[in-house]
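Trainee: show me the folded form of this:
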Amino acid sequence: MKFLPICIFKRKQLSRGEQVLSGVIVWFQESRWMDSKLMKKYVDYINDNLEKMGISNTPTMIVYDSFRGHLEKSVKIKFRDRGIDLAVIPGGLTSICHDVTINKPFKDNLRKEWHIWMAGGGARMTASVVDGLNVLGTESQMK
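Mentor: All right, here's what the predicted structure looks like:
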């Protein structure tokens, strides 16, 4: 099972008449950043998916950069309470240690899809995220 991509948009909710494509999760946040509130929501999302997969008791580790929203005490406690270990890449080392088997191909494909979207008038708001992620196999996403 692969986790669905999460898009964070800078607003409070979808505009009237807008719909989210299947295969994408959309969250909203005023600054469009992953803050501690969304991080705690993300921990629940991870835990719910692990339970659906029947592996919630399997040792799990999440690796993040040192962005302060990832490291707030309440977020660390939420990870711990859910039995998820948190490893932090020290500041200045993200470019060296960041996952290149998932993040780079995803971002490359998302950028390509974005250019196509922009050239075509921007009609497919979230489809490019799905297309960018679909290039990856389930195996690479579960590593």
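
Trainee: next SSE after the helix or strand where residue 95 lies?
Mentor: If you go by DSSP states H and E, residue 95 is part of helix 94-97. Later in the chain than helix 94-97, the nearest helix or strand by DSSP H and E is helix 103-119.

Trainee: mind listing the strands for this protein?
Mentor: 6-9, 25-28, 60-64, 84-88 (DSSP state E).

Trainee: out of those strands, which gets nearest to residue 109?
Mentor: Set against residue 109 and scored by CB to CB, these come closest in strand 6-9, at 14.6 Å. For the C-beta atoms, the positions are set from N, CA and C on the backbone; glycine is no exception.

Trainee: remind me what the closest one packs against, helices and strands.
Mentor: strand 25-28, helix 36-52 (3 or more CB pairs under 8 Å, 6 or more residues apart in numbering; DSSP states H and E).

Trainee: partners of it in the sheet?
Mentor: strand 25-28 (parallel) (DSSP bridges).

Trainee: what's the strand it pairs with in contact with?
Mentor: 4-14, 20, 38, 41, 45, 126 (CB atoms under 8 Å, 6 or more residues apart in numbering).

Trainee: need the buried ones from these selected in PyMOL.
Mentor: Command for PyMOL that selects the buried part of these, burial taken from 16 or more other CB atoms under 10 Å:
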select buried, resi 5+7+38+41+45+126
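
Trainee: lowest pLDDT pick from the contacts of strand 25-28?
Mentor: The member of the contacts of strand 25-28 with the lowest pLDDT is residue 126, at 56.

Trainee: if we can go back for a sec, distance to residue 111 added to the helices and strands packed on strand 6-9, as a markdown table?
Mentor: Shown next, in a markdown table, are the helices and strands packed on strand 6-9 (distance: least, CB to CB, whole Å):
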| stretch | distance to residue 111 |
| --- | --- |
| strand 25-28 | 20 |
| helix 36-52 | 23 |
